[in-house]
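J.: no FASTA, just this:
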DNA sequence: AGCGCGACTACACAGGCGTGCAGTAGACTG
DNA sequence: CAGTCTACTGCACGCCTGTGTAGTCGCGCT
């Protein structure tokens, strides 16, 4: 559980740090509500009262986890991409477990309604949108494109059990993760729709945008696009 | 909340049906654990005792919802695609709200560990894999490709709040849903990686598949791929 | 009319939850 | 060496949960 992005600070081996680490892990594994303070305390090897002593409340503990995860990942990305340590195998190897855990945690926290995690989601959408603008992709709605990109990937972290079952490998293991990301590479390499099909679908989607569902023709036609698209993509 | 896929059966307007519908909605909105029997009973306009009378336990109620959702969607797909009612706007318009709700419910139930919902996930992966095999996509790992396709899309249903914030539109509304699916169309139309990049990534991913993480070079290099891929796709 | 049975309600129960709080041990300060 | 502060524990409280159960209502059958 090393976290040497900014070199683990001195007071970070304390019970407080152990509680935070245990909370991050249990929150990520079970969800916020299902992970109890008593379980977290037990996992950290302390009493439940100490959790309250250090963090005040469960909500405050969760906020502390949110902030910690976000700041850690921000520093991580900074070192990774700005300081060019992407090829530094020792750096990447030692930070990866924590990076993976924190990403999982943030997606879970997002699901249970964390403002901090949602902020990070929005930031990632903006980054994706900027990144997209540097490619020569002529999407009619880059923002929706970026949101779909971020949203779909975040969701993937939420169902490791199902992905593991589908692949016959624990996607939490290095081998499983490699396989899963291999699938992701394919997904973003081979287009499923031709430009003509896409344009056609966009035309149909644009046809019924504004009015609320009057359960009439407009709603029906919109729905048709929903299901049609859905079929083509995943059924 | 019409559900005319097999024409709503006669005994389906009963309190039992109202309880099931309320459970589906609250389970989908809040998650299984967070939706209490008392809330479901109140939403259905009955006493909490009646929920137990009809379904026995919360777990049994959830199983009933799982089965109902899966069978409903199976019939829905059958009519939709085999019986060619895809262009029937009345059919599609009237069934879409329920289809959307049940998909959301199943993904939520899957997240909370439902075997039925997980089975449906695996079936969707197999269907996607067959569908992929009819395209001329030369993926080195079609199963991983299909799993990534299904997993990413399922995840999208889990974060409507974040997607709505990113798009400035409630994705539960027709307009918002159209916009979100428009982004999905783009995502599956314009490749983010060239075939060369993909082949390169696959080579790197294949290099470190089998051994458990010894925190040595293998793990480090694998992690590099993780984060590198991640960066390219979503950061 | 009387009877039975399923739909339905009201209420009580045990368990687990987050929280509050009094109290102890140890280290540091004057 | 007394004082103080912080880390830390143990326990009890109130709340909410799923569950159990006794009892009422109303309809259909004989």
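T.: Nice, thanks for sending it over. These numbers were taken from a predicted model, which means no experiment stands behind them.
J.: Only C-alpha atoms from now on, for both contacts and neighbour counts.
T.: Fine.
J.: Now the phi/psi pair for residue A:83, please.
T.: As for residue A:83, its main-chain torsions (degrees, to the nearest 10) stand at phi -90, psi 10.
J.: how far away is it from residue A:108?
T.: Distance, residue A:83 to residue A:108, by Cα to Cα, to the nearest Å: 29 Å.
J.: For the two, work out which one has more neighbours and name it.
T.: residue A:108 (23 against 10; other Cα atoms under 10 Å in any protein chain shown).
J.: In three-state terms, label the more buried one for me.
T.: Per DSSP: H, G, I helix; E, B strand; the rest coil, the local secondary structure of residue A:108 is helix.
J.: ok, now which ones touch residue A:63?
T.: Neighbour list for residue A:63: residue A:116 [criterion: Cα atoms under 8 Å, 6 or more residues apart in numbering or on different chains].
J.: Check which helix or strand it maps to.
T.: Secondary structure assigned from DSSP states H and E places residue A:63 in helix A:58-77.
J.: OK, contacts around the residue nearest the centre of chain A?
T.: With distances taken as Cα atoms, centre = their mean, the residue of chain A nearest its centroid is residue A:154 (3.3 Å). By Cα under 8 Å, 6+ apart, residue A:154 lies in contact with A:107, B:152, B:155.
J.: can we see that at 10 Å?
T.: For residue A:154, the contact set (Cα atoms under 10 Å, 6 or more residues apart in numbering or on different chains) comprises A:103-104, A:106-108, A:110, A:121, A:148, B:151-152, B:155-156, B:158-159, B:234.
J.: in which helix or strand would I find it?
T.: Assigned by DSSP H and E, residue A:154 belongs to helix A:142-156.
J.: What are the contacting residues of the next helix-or-strand element following that helix?
T.: Going down the chain from helix A:142-156, the next helix or strand is helix A:160-167, by DSSP H and E. By Cα under 10 Å, 6+ apart, the list of residues contacting helix A:160-167 from outside reads A:29, A:104, A:156-157, A:168-173, A:176-177, A:179-180, B:110-111, B:113, B:115, B:117-119, B:121-126, B:143-148, B:150-151.
J.: Give me the buried subset of those.
T.: A:29, A:104, A:156-157, A:169-173, A:176-177, A:179-180, B:110-111, B:117-119, B:121-122, B:124-126, B:143-148, B:150-151 (16 or more other Cα atoms under 10 Å in any protein chain shown).
J.: Could you list the low-confidence segments of chain A?
T.: Chain A contains residues with pLDDT under 70 at A:1-12, A:208-235.
J.: Can you identify each of the helices in it by residue range?
T.: With helices called from DSSP state H, chain A shows them at A:15-30, A:37-44, A:48-55, A:58-77, A:89-111, A:115-134, A:142-156, A:160-167, A:174-187, A:195-206, A:217-234.
J.: Any chance of these in JSON lines with distance to DNA strand D as columns?
T.: Output for the helices of chain A, formatted as JSON lines (distance: least, Cα to the nearest atom of the strand, whole Å):
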{"stretch": "helix A:15-30", "distance to DNA strand D": "4"}
{"stretch": "helix A:37-44", "distance to DNA strand D": "8"}
{"stretch": "helix A:48-55", "distance to DNA strand D": "4"}
{"stretch": "helix A:58-77", "distance to DNA strand D": "13"}
{"stretch": "helix A:89-111", "distance to DNA strand D": "19"}
{"stretch": "helix A:115-134", "distance to DNA strand D": "23"}
{"stretch": "helix A:142-156", "distance to DNA strand D": "26"}
{"stretch": "helix A:160-167", "distance to DNA strand D": "24"}
{"stretch": "helix A:174-187", "distance to DNA strand D": "34"}
{"stretch": "helix A:195-206", "distance to DNA strand D": "39"}
{"stretch": "helix A:217-234", "distance to DNA strand D": "32"}
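J.: of those helices, which approaches residue B:198 most closely?
T.: The closest of the helices of chain A to residue B:198 is helix A:174-187. By Cα to Cα, the value is 6.1 Å.
J.: and the direction of that closest one versus that of helix B:195-206, what angle?
T.: 170 degrees (axes from the mean of the first three to the mean of the last three Cα atoms, to 10 degrees).
J.: between helix A:174-187 and helix A:160-167, how many degrees?
T.: For helix A:174-187 against helix A:160-167, the angle by the same axes, to 10 degrees is 80 degrees.
J.: relative orientation of helix A:174-187 and helix A:142-156 in degrees?
T.: Going by the same axes, to 10 degrees, helix A:174-187 makes 160 degrees with helix A:142-156.
J.: counting contacts, what elements does helix A:174-187 pack onto?
T.: On a contact count with 3 or more Cα pairs under 10 Å, 6 or more residues apart in numbering or on different chains; DSSP states H and E, helix A:174-187 meets helix A:142-156, helix A:160-167, helix B:142-156, helix B:195-206, helix B:217-234.
J.: The helix holding residue A:63 near DNA strand C at all?
T.: Yes. Contact of helix A:58-77 with DNA strand C (Cα under 7 Å from any atom of the strand) involves A:58, A:59.
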